[in-house]
Structure formats: C-alpha cells, structure tokens
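Novice: Here is a sequence together with a model predicted from it:
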Amino acid sequence: MSRRRGAAALGADPEEEEEEEAVATSEEEQEEDVSEDDEGEDEEAGPSGRDSDAPDALPSDVDETENEEDEEYQEDETDEEMFDETHTVDDVLRSVNDERADGPAPYEILAQRKREANEKNEAAFRAELRSLGVNEREVEGLEGFGGKDKGKGGKGGARVGGGGKNAGKGRNRYSSNSELLERHNIDKEEMIKKNPAFAAFLGAAKQAGAVGNLARGDGPGRGRPKNPRRTRRRVVLDEAAQKLGEANSLYARGPEEWPRAMELLLEVIRLAPNDPDPYHTMAMIHDETAEGHREKARELVDSHSRIPEGIEVGDERTGEQEEEAGDVLRASLDAAEEEAALQLSLAARYEKKALDYSMIGATLRPRDVDTWYKLAQKSRANKNPRAALFCYGEALKNDPRPYARVDGRGLSNHWAQAEIFLEIREPRRALDHLVDVRDREPGNPRVATLLAQVYAELGDFETAEKTLDDFVAKTPGEVDLTLVNVHAESKMHAHAFAEAVALIDATRDAVVKSERERAKRERVNRAEEARLDARERALEAGEPPERAERLGHDAAAASVQASLDAQRRDPPFPPDLVAKAAMCALYLNELKDAREKLAELQSADPATYHDLWYECGVVCQDVREFEQAELLFTRLIHEVPDAYDASEVWERVGECVKARVRLSSRDAAYAAAASETAALEFWRSVARRHPHDVDATLPLAEALLKKGVQGREILDALPDEKTLLRAMTAAKTATSSSLPDDREASVVGGTPLFKKTMKNAQVSDLERVRF
C-alpha cells in the first residue's frame with residue numbers, strides 16, 4: 001500500500017485519478033479485462049480481497065461481481081494473508097489491548113492459524129496424491145513440508161524422509177516432492193492451478209497464505225491499467241490508502257496528532273487487514289509514545305534528586321522547623337517516585353503494544369528477515385524470551401541463505417536461541433541448536449564448552465567429558481581458558497586428578513596465547529570507549545572538533561597504558577588453572593608440587609581471586625595440610641574482611657591452629673595442652689576485633705573452660721543478655737551464608753565441582769569460569 005499512501009500523503013485525490021482513467025476506449029478496456037482463470041483465483045483468494053466490515057452502499061458505477069484482478073493491486077509477493085471472514089482481525093486486536101498475561105499474544109494467535117492452515121493444506125495435498133494414484137506408503141513417507149530445506153540451508157523442494165526415532169521407516173527414495181510427481185507423471189502446474197496452496201509443498205516461488213490460500217497480489221502498490229473496473233475491492237482499498245496517507249501525515253506532525261492517527265490506522269487495519277504497513281506505523285507511534293513516558297520519568301527523578309525549592313540548606317532552624325522541612329522533602333520525593341513509577345508503567349504498556357503490532361506486521365510479510373532479527377533483539381530487551389524465540393525461528397525459516405560464508409546469520413541465530421533456552425531453563429531444546437552450531441563450526445571452543453556444560457546440566461557427564469576430549473584432541477591449538485577450566489572440572493568430578501593435571505600442563509601454551517588475545521581485544525575495546533567518551537564530553541563542553549579528537553586520542557592512549565600496566569601485574573598463568581592444579585596435586589599426595597602451586601596462587605590478589613583461595617584452603621584442610629589452610633584463611637580474614645571475617649572462617653582457622661600445634665610434637669600430652677593454648681589465643685584475638693559478636697565471644701568462653709579458667713574471666717568473655725537475645729533472633733531469621741558451601745567446595749564426598757561450575761557459569765560471558 002506504499003504507493004497509494006504516498007499519493008494520499010501528498011494530497012492527491014484518488015477520485016480525480018479515477019475520472020482520468022475512465023476516459024479510455026472500449027478496446028483498451030477489453031485488453032485490461034482479466035481472464036477466467038484470474039477470476040477463479042480471485043474467488044479462491046478470499047481473505048485479503050474481501051472485508052466483512054465494508055459498507056454495503058457503494059457508488060452506482062461499482063462492479064459488484066469482483067471478478068477482476070488488476071496489476072495495480074499487486075502486493076509484494078512476500079506478503080501473506082492472515083485474515084478472512086472466518087479468521088478476522090478482531091481477535092488479534094483484542095489480544096493487543098489485553099493487559100492480562102494469561103491470554104495468547106497476537107503472534108501466538110497468528111502462529112496457531114498458520115499451523116492449522118498448514119495441517120489442513122498438508123492433508124489436502126496427501127489426499128490429492130492418493131486420488132492421482134500414488135500408493136499409500138509413498139504418501140505417508142512425505143515429510144519436511146515447507147518448501148525449503150532449512151536444515152541444509154539450501155533451496156528447492158521439501159525433503160522426503162526425516163529424522164526422529166522412526167527415521168528409517170516409511171522413507172521414500174525421492175529427494176523432493178516434485179521428484180515424486182515426476183515419477184508418477186503428475187503435472188505439477190496443474191496441481192498448483194487446482195489448489196494454489198500446494199505450491200508451498202512443491203518448492204514453488206509463491207507460498208500459501210496463512211489461512212490456506214495462495215498469497216497473491218491484491219493491494220495497491222504497482223502499475224495501474226488505463227481503465228480499471230471499479231469493484232468493491234477497489235473502493236475499499238482506495239479508502240484504506242487514503243486514510244493511511246492521512247494517518248502518516250498526522251504521525252509526521254507530532255504527538256498532538258497521534259491519537260487521531262491511531263484511530264485512522266485502526267480503520268485502515270479493518271479495511272485492509274492483510275496489509276503490514278498500518279501495523280508498522282502503529283508500532284512506531286507506540287514506541288515513540290513509550291519513549292516520551294520514559295523521558296518524563298527520567299525528568300521527574302532528576303528534578304527531585306535535588307533539594308526542592310523552598311527548602312534552604314544551612315539556615316539556623318529549630319527542631320520543629322527541621323522536622324517540618326524533612327516532612328515536606330519526603331512528601332515531595334514520594335510523590336515524584338509515584339509519578340515516575342506511573343510513567344514507567346505507561347511506557348511498558350506502550351512498548352508491549354508496539355511489539356505486538358510489529359509482530360503482526362512481520363507475520364504478514366514474513367520474508368523480511370531483517371525485521372525478524374530486529375524484533376528478536378527488541379523482545380530480548382523487553383524480557384520476552386518466547387517472542388524472541390519465535391522471531392529467531394521465523395528469521396531462520398525465511399532466510400534464503402542462512403549459512404552463507406560472508407553474511408550468513410544462521411549460526412548466530414542458533415547460538416542466540418540456545419542462550420534463550422538456557423535462560424528459561426530448557427536445556428534440552430538448547431542442546432539441539434548447539435549441536436547444529438558445533439557441526440558447522442567444529443573449531444569454536446566456546447561452542448564446545450557450552451555444549452559440554454549443557455550435557456553436564458542434563459546429568460550426562462560422560463558425553464560432556466567426551467565432547468571436550470574430542471575438541472582438545474582434534475584442535476589442541478584452539479582451546480581457551482574457559483574450555484580447559486570446565487574440562488578440568490569434569491575430570492576432577494570423576495576423581496581423575498592425574499588426567500586433570502595432564503590436561504592443564506598440555507594446554508598451557510594455548511591457554512596463555514588465548515588469554516593474551518582476549519586481553520588485547522578488551523584493551524582495544526576499552527580504548528575505543530575511552531576515546532568516544534572523552535570526545536563527546538569535550539564537544540559538550542564547547543571544545544572545537546579538532547581539540548575534541550585530540551583529547552579522545554589522548555584518553556585512548558592512557559587507557560591502553562593502564563591496561564598494559566595491569567596486565568604486567570597479573571599472574572603469568574591464569575589463577576583458575578593454578579588453583580585446580582594445586583588441588584589435584586593435594587589429592588594425589590604430591591605435596592611438593594602442591595606447595596609450589598599454592599605459592600604461585602598466593603601471588604594473585606586475594607581480593608580478586610578470593611573464591612580460589614577459599615576453595616584451596618578447604619581442600620588443604622581436608623588433606624590435613626593445616627599450615628597451608630591456616631595461611632590461606634588468615635589472609636582472607638585480614639585482606640577480604642567484608643566476606644571472610646566471619647564465624648565460618650573463624651571456626652576453620654581455630655580447627656587448623658589446634659591441629660597444626662597438635663601435630664608439631666610427638667609428646668601427646670604436651671601437644672594437646674599446647675593446641676588448647678593456641679586455640680585460646682586465637683579466639684582472644686577474634687573477640688578483641690568483635691567484642692559484641694556472640695560467634696566470637698562464646699568460643700572464647702568455651703576455650704577458657706577447657707583451659708580450666710574459672711570465675712570473673714569467663715563471665716567477662718560471655719556476651720550480655722541483650723547481645724545474646726539479638727544473636728538468637730538473628731539466627732532464626734538469618735539467610736544462608738554468602739560464603740561457598742563446604743560440601744560444594746569438596747571434591748571427595750561432596751557436590752561435584754563441575755556441577756557447581758554449571759550453576760555459576762554465565763552463557764553470555766564465557767571468557768571466565770570459576771567454581
């Protein structure tokens with residue numbers, strides 16, 4: 001409808017054009033009349049050609065027969081018909097305006113109609129083949145309807161045969177349905193002429209409309225005959241084109257005219273429901289309206305982040321005046337927050353409607369692959385994963401070359417769908433997409449890693465480990481830190497500690513190379529961000545463009561230098577793998593190697609790698625390397641106090657101190673007394689730092705009792721009644737500790753490390769995985 005929309009927007013009068021065209025001769029009129037075949041096609045096409053809400057009273061020169069098809073009303077052949085007298089647009093519009101979350105979305109309604117129509121057309125196609133003498137086995141063996149073999153990314157007829165559990169049963173020896181027709185001497189063109197919907201099953205250029213009819217051109221948009229016949233369809237579409245042009249003009253004038261523009265667009269949708277243009281215009285209006293509400297919310301937040309007018313700061317005021325001013329400030333902030341929340345709610349509502357209208361328009365023009373990808377990204381941004389999956393699926397289905405070497409988007413499409421399925425906790429469906437990517441890109445370590453993680457999440461640890469083993473064996477030079485990290489986890493889960501150490505040693509050079517390349521990419525990206533940010537700030541400050549560019553380059557150079565300095569301070573080998581190698585050596589009782597690895601780990605900043613320090617400390621304690629465990633835990637308490645100066649770590653250090661002293665002497669009695677004394681001194685140091693913490697003072701009192709101390713010293717160590725009551729109340733309501741769970745930290749007798757990695761690994765950031 002784009003051409004008629006443009007004419008209407010420029011003020012052209014459609015009725016004057018009709019009068020000029022009526023001057024043609026009778027001979028030209030005969031030349032423009034359509035054939036009987038076209039009349040039959042018009043009668044079958046139905047949905048886009050007839051409007052149930054069209055007025056009954058028409059001008060006297062309107063031809064009621066409606067059996068002429070003009071070139072003027074040829075829509076884009078990629079458009080599909082979704083609406084007719086049975087499948088009206090009203091249900092879809094009601095779904096757009098439905099603010100409840102329990103009903104189907106508009107795209108779900110249209111997708112269901114497509115499925116039903118495809119099933120109906122498929123049944124008709126099979127029945128037609130049976131009537132033409134094709135045997136039952138060949139008819140039942142037909143599979144892969146849809147016109148394109150998307151699994152292989154090629155064109156041509158639908159596949160015959162298929163996958164699944166019964167892949168070998170009932171399969172034909174024909175590569176396409178067209179070949180089956182040729183084998184039985186069936187005229188393909190005659191079948192399509194008899195039922196245009198069959199074109200979709202025979203690899204024809206045109207495909208069936210969603211309600212079962214051939215998608216044919218019947219809307220304004222191409223050349224016009226000299227003397228068109230004025231049918232009911234023509235009058236309705238002329239009216240729709242005029243109103244669409246008027247709506248576009250109103251949209252261009254600004255927000256004040258948008259309500260009237262939306263009214264006209266709804267009228268256009270009811271007049272020509274199968275035209276995608278009014279839906280897209282509605283989506284743009286709703287998007288801009290949503291952005292306006294978000295801008296209002298931002299303005300409210302910014303204006304009330306400052307002290308409101310009338311409230312002076314620094315004046316000498318009485319306590320009553322101070323309280324009154326505070327009440328005014330709080331009331332103002334509360335009102336601003338409520339109004340901002342309302343504006344954001346309205347913005348979300350308009351964004352939802354904008355997405356719905358865009359999805360309807362895209363469904364009516366499904367071969368516009370770029371639109372599907374834009375809608376997929378928009379759906380993900382709006383936290384609508386199901387809609388995003390639908391868009392990615394439509395994009396892949398309608399892309400003629402999804403796996404082209406240069407500009408193919410099929411692999412990124414599969415990867416995005418796998419990410420979304422993992423986000424919504426459907427790993428089995430994610431697995432299918434990851435296998436497709438792995439088969440087409442076998443040398444990508446990120447794909448192999450995520451695939452192994454999904455297998456592990458599904459409980460198939462054997463396949464997970466085999467996937468990584470195969471990748472390392474086939475492409476040892478392509479491994480990265482994430483893959484080796486996860487692979488070592490899987491071997492540690494299987495208690496194959498020697499294999500884990502061998503893997504880390506064998507891939508050391510490749511991991512170092514991969515980390516250098518990653519650091520380089522990050523360094524370049526940060527420098528570019530710094531350059532753009534500095535340039536923009538300089539331009540906003542009124543600096544000349546040349547100076548702004550120079551300041552941007554200076555900022556980029558400073559960013560690069562800072563990144564290089566930080567990289568020089570980093571350990572030469574990733575601490576993740578150093579920690580794993582140390583734990584494996586501990587479990588293998590290779591204590592010399594383990595101590596060397598632990599010393600290497602301690603050169604890494606505990607504030608950054610505190611989780612690795614804690615895990616190694618737990619393993620040291622498990623294998624009775626108490627001195628190393630005490631050292632790791634103590635440094636965590638002092639250097640990361642916010643997370644580790646806590647009762648769980650105190651208890652571990654106290655146990656390590658007692659065990660270390662007890663093992664330091666062969667005299668059992670002396671060792672026992674010395675260990676109690678050492679533990680007492682440790683708890684005294686803890687109680688001095690936390691005198692009001694029950695978890696610190698109660699163990700001190702217990703240690704004093706074991707030492708035989710009596711009287712006032714024990715009473716002084718015990719907490720007072722109020723402190724004890726607060727501790728008891730807090731213990732009842734306390735949530736689980738933020739520290740790693742002991743059972744998860746242990747490989748022997750605990751939750752597998754590989755499983756824990758699966759919980760913490762993020763799909764969107766596979767550069768680093770810790771356990």
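Specialist: Right, received. Where do you want to start?
Novice: what separates R260 from K466, distance-wise?
Specialist: As judged by CB to CB, to the nearest Å, R260 and K466 stand 64 Å apart. For every residue, glycine as well, the C-beta is placed using N, CA and C.
Novice: L355 against N382, yeah?
Specialist: Yes - with contacts counted by CB atoms under 8 Å, L355 reaches N382, the gap being 6.2 Å.
Novice: So these two - more neighbours on which side?
Specialist: Taking other CB atoms under 10 Å, L355 and N382 do not tie; L355 has more neighbours (25 against 15).
Novice: immediately after the helix or strand hosting S490, which helix or strand?
Specialist: Secondary structure from DSSP states H and E places S490 in helix 481-493. Using DSSP H and E, the helix or strand that follows helix 481-493 in sequence is helix 497-506.
Novice: quick one, that following helix and helix 481-493 angle?
Specialist: Per axes from the mean of the first three to the mean of the last three CA atoms, to 10 degrees, the angle that helix 497-506 makes with helix 481-493 is 160 degrees.
Novice: Can you give me the neighbour number for the residue lying closest to V484 once chain neighbours are set aside?
Specialist: Residue nearest to V484 in three dimensions, not counting chain neighbours: T507, with 5.0 Å by CB to CB, 6 or more residues apart in numbering. For T507, the count of nearby residues is 22 (other CB under 10 Å).
Novice: what residues are up against T507?
Specialist: If you count contacts by CB atoms under 8 Å, 6 or more residues apart in numbering, T507 has them with 472, 476, 479, 484.
Novice: distance of it from F471?
Specialist: Remark: distance between T507 and F471 (CB to CB) = 11 Å.
Novice: Can you pull the residues that touch both of these two?
Specialist: By CB under 8 Å, 6+ apart, the residues touching both T507 and F471 are V479.
Novice: ok, back up a step: packing partners of the helix holding S490?
Specialist: helix 445-457, helix 461-474, helix 497-506, helix 508-540, helix 575-587, helix 753-760 (3 or more CB pairs under 8 Å, 6 or more residues apart in numbering; DSSP states H and E).
Novice: And the fourth one, what does it pack against?
Specialist: Right, helix 508-540. Contacts defined by 3+ CB pairs under 8 Å, 6+ apart place helix 508-540 against helix 481-493, helix 545-569.
Novice: what comes up buried for it?
Specialist: Applying a neighbour-count criterion of 16 or more other CB atoms under 10 Å, one finds 510-511, 514-515, 523, 527, 530-531, 534-535, 538-539 buried in helix 508-540.
Novice: Quick check: closest non-adjacent residue to N384.
Specialist: Closest to N384 by CB to CB, 6+ apart is L355, at 7.1 Å.
Novice: Now do the same contact list for the one you found.
Specialist: Listed by CB under 8 Å, 6+ apart, the contact set of L355 reads 283, 375, 378-379, 382, 384, 387.
Novice: in what helix or strand does it lie?
Specialist: helix 319-364.
Novice: Following the chain onward from the one helix or strand R137 maps to, which element is next?
Specialist: Using DSSP H and E, R137 falls within helix 136-140. Reading on from helix 136-140 to the C-terminus, the next helix or strand found by DSSP H and E is helix 177-183.
Novice: sorry, back to before: I'd like to know how far the residue nearest to V484 sits from H280.
Specialist: Remark: distance between T507 and H280 (CB to CB) = 51 Å.
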